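# quick one, structure for this:
(chains A, B, C and D)
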There are 2 protein chains.
Amino acid sequence: MSRRTVTISEVAKHAGVAVSTVSYVLSGKRTISADTRRRVLDSISALGYHPNAGARALASKRSNVIALVLPLRAGMHVPVLMRFASAVVTAARRFDHDVLLLTADEGTAGIRRVAASALVDALVLMDVELDDRRVPLLRELAEPSVLIGFPARPAGLTCVDLDFHAAGARCAEHLAERGHQEIALLGAPSVVYDRGTGFATRTRDGFAAAVADLGLKGVALPCEETFDEVYETVRDLLLDHPGLSGVVVHNEAAVSHVLAALRQLGRRVPQDVAVVAICPEDVAERASPPLTSVLIPAEEVGREAVRLVMDKLEGRVVPDSTLLPPLLAVRSST
Amino acid sequence: MSRRTVTISEVAKHAGVAVSTVSYVLSGKRTISADTRRRVLDSISALGYHPNAGARALASKRSNVIALVLPLRAGMHVPVLMRFASAVVTAARRFDHDVLLLTADEGTAGIRRVAASALVDALVLMDVELDDRRVPLLRELAEPSVLIGFPARPAGLTCVDLDFHAAGARCAEHLAERGHQEIALLGAPSVVYDRGTGFATRTRDGFAAAVADLGLKGVALPCEETFDEVYETVRDLLLDHPGLSGVVVHNEAAVSHVLAALRQLGRRVPQDVAVVAICPEDVAERASPPLTSVLIPAEEVGREAVRLVMDKLEGRVVPDSTLLPPLLAVRSST
DNA sequence: GCCGGTCGTCGAAGCGCTTCGACACTCTTT
DNA sequence: AAAGAGTGTCGAAGCGCTTCGACGACCGGC
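Take a look at the predicted model:
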């Protein structure tokens, strides 16, 4: 077992300085002579000192912890979520913060609790819905927060996300450039649209806008996630639109099913039907054939969210809305 | 913005009692008359009091936070992980604890840091490898810990997991009961075996043991996760073992590919080849046909891990090893 | 050679909570 | 009726840290 915990006053004694001097060496908030600093630092490592988080939080009114509120709900793309979470943790560590994991089952109570008890300094929320119950709460909280995703009325909030509108449009444009005249968007399961989740809707709108702009024929459909349902959807789609030659898939779980269904229906990709996906890079790369895709820049979004929330914590003014531009990677499916 | 934070002394004043009395009402560590308790509780809700976590941690030497150390690494089954994480958070909340998320990229330094700074009271680690660098550290830590998964030398540690050995055996038995004489196990990608991850190895060993016991012919192969690689593996398997009529798949990501490959190779499931999967329930149910499977009881494992770590925190003695028995759900694939 | 400024350091006052010992009561027990 | 045993409550002492004001020591300017 590790030896008894070392306190700052033991470090001070060991280095022959005052407790406050040790504190200032650590925080850098006052100038300290190079010589004193050295001695203090040496004592710290000699004794294996680690500041007590509770004491620090109490005295400084900063816990150096941010809350990450994850949904963990039906219809979510778990692996992507995980990459967001991972990115948030990594980014937070770079700002010397840790991450407290909150799930949505506790609802708003959990958010209120960790904020009121000063357990966390700030919050990052994921999977924000258009009409999110948590949003009003955030507005009344003293703690800064950043949303990954956009609610219906984002005024007064800080939101960051991939620009899904642009992503939907970009896919349509790409298919148009390849000469396709009649294209379709296969999106999230219909329950996701019903819930009004922003990213699904915005992709569809961007797709529709580009289709209109470019004078294409286009249709957008929700898409379930079991093979059989996907198969039916694809079969009906091809039946209803004989001239269709391009498909955009914005549904990570359905990607491989769509490809399998096309194969089974005798359509070759990309010769008969071109396919563009909006999904994580590894899913696109692993598909057969590897898919032209818009990357969901999970790492970048997570990093940006943390940067923004840290800026707010420091009292800096940040933009209300941060949209990361879509990046299209061309592979063999178009 | 929310009003200034309410302290315990304001509650005490409001209720007309001493600060310590409020504290005892909250903790229940001394008897308090029903009348006083009522008044204090009323004041608490009237003022909207929430104890300050830092102050509490400092005074009580308990942060009421546990660390969850997640891997987030190649070859992991992310959705399952997520269910573990979710279960851990939910269970921790039931013990009035929060969860701090630690990723493995920080390595042992992160564990050391949160333990030494008293940020957390205890640790739950996931995805433990047979030869895990974190294990020696855990032994020297004062904070209790529980591992989800088993390292090679688990002596002195507390570990909990699905009994994968029994699960592998159970699958073989089930196929034997159905009359299959020659069967195969398709497991994790070979990198996972190379890394020596316990669950993969243990499943294979259990499978092999049951095959030997039951006098079957059996083969165990690693299995990659792209369709093309899976296809090749399955094709070669059928070529090399013409009499093969049962397959156990212990690889969530490969499950649908295996089914697709069998279909493409003209084998019907279950008529020509019976398939048993070891994977999360929803994956098995969503496959076509729905798969007979051993459930990975993520919720139960997470809950159990938290219960164990809380017991240790209270100084209770807990078993070194907790193996949750596999449960086979029969569906249409066998 | 004295004054005003930095610079580097110290001591002490909290931060908001838990917990320990004390104490005033009220019951039992003899 | 006195001694002992609970109850219920209080006050005060920390927990380990940050931060504020104070204060020598040293500097250059006049």
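# how about the helices in the stretch 1-150 of chain A?
Assigned by DSSP state H, counting those that start in this stretch, the helices in the stretch 1-150 of chain A fall at A:8-15, A:19-27, A:34-47, A:53-60, A:78-94, A:108-116, A:134-140.
# repeat for the stretch 151-300 of chain A
Going by DSSP H, counting those that start in this stretch, the stretch 151-300 of chain A shows helices at A:164-177, A:190-194, A:198-214, A:227-240, A:255-264, A:281-286, A:298-313.
# can I get those in CSV with distance to DNA strand C and mean neighbour count?
Placement of C-beta: from N, CA and C, glycine included. Output for the helices of the stretch 151-300 of chain A, formatted as CSV (distance: least, C-beta to the nearest atom of the strand, whole Å; neighbours: other C-beta atoms under 10 Å in any protein chain shown):
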stretch, distance to DNA strand C, mean neighbour count
helix A:164-177, 43, 23
helix A:190-194, 41, 14
helix A:198-214, 38, 21
helix A:227-240, 53, 17
helix A:255-264, 50, 22
helix A:281-286, 46, 18
helix A:298-313, 19, 21
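# out of these, name the one with the poorest average pLDDT.
Ranked by mean pLDDT, the helices of the stretch 151-300 of chain A end with helix A:281-286 at the bottom, a mean of 81.
# wondering if it reaches chain B at all.
Yes - using C-beta under 8 Å from any C-beta of the partner chain, helix A:281-286 reaches chain B at A:R286.
# the helices of the stretch 151-300 of chain A: which one's closest to A:I8?
helix A:298-313 (24.1 Å; C-beta to C-beta).
# show me what the next helix or strand after the closest one is in contact with.
Proceeding N to C from helix A:298-313, the next assigned helix or strand is strand A:321-324, under DSSP states H and E. With contact meaning C-beta atoms under 8 Å, 6 or more residues apart in numbering or on different chains, strand A:321-324 is reached by A:150, A:154, A:158-163, A:166, A:297, A:300-301, A:304, A:308.
# just to revisit the earlier point, in TSV: the helices of the stretch 151-300 of chain A, plus distance to B:L102.
Output for those, formatted as TSV (distance: least, C-beta to C-beta, whole Å):
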stretch	distance to B:L102
helix A:164-177	31
helix A:190-194	31
helix A:198-214	28
helix A:227-240	37
helix A:255-264	31
helix A:281-286	23
helix A:298-313	16
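# mind checking pLDDT for the residue nearest to A:H250 when sequence neighbours are not counted?
Nearest non-adjacent residue to A:H250, counting by C-beta to C-beta, 6 or more residues apart in numbering or on different chains: A:I278, 4.2 Å away. A:I278 carries a pLDDT value of 93.
# distance check, A:I278 against chain B.
A:I278 sits 19 Å away from chain B, going by C-beta to the nearest C-beta, to the nearest Å.
# again, but for A:V65
7 Å.
# so what's that residue bridging to?
A:D98 (DSSP bridges).
# pull the contacting residues for it.
Counted by C-beta under 8 Å, 6+ apart, A:V65 has contacts A:97-100, A:119-121, B:100, B:119.
# nearest to A:V248 among these?
A:V99 (33.9 Å).
# hmm, that closest one is touching A:L68, no?
Yes - assessed by C-beta atoms under 8 Å, A:V99 is found in contact with A:L68 at 5.0 Å.
# ok, and the closest non-adjacent residue to A:E106?
Per C-beta to C-beta, 6+ apart, closest to A:E106 is B:R93, 6.4 Å.
# tell me the pLDDT at the one you found?
Value for B:R93, per-residue pLDDT: 95.
# for chain A, which residues score under the pLDDT cut-off?
For chain A, applying pLDDT under 70 flags the ranges A:1-3, A:72-79, A:196-197.
# near DNA strand C, which residues of it show up?
Where chain A comes near DNA strand C, counting by C-beta under 7 Å from any atom of the strand, the residues are A:16-21, A:24, A:30-33, A:35-37, A:55, A:58-59.
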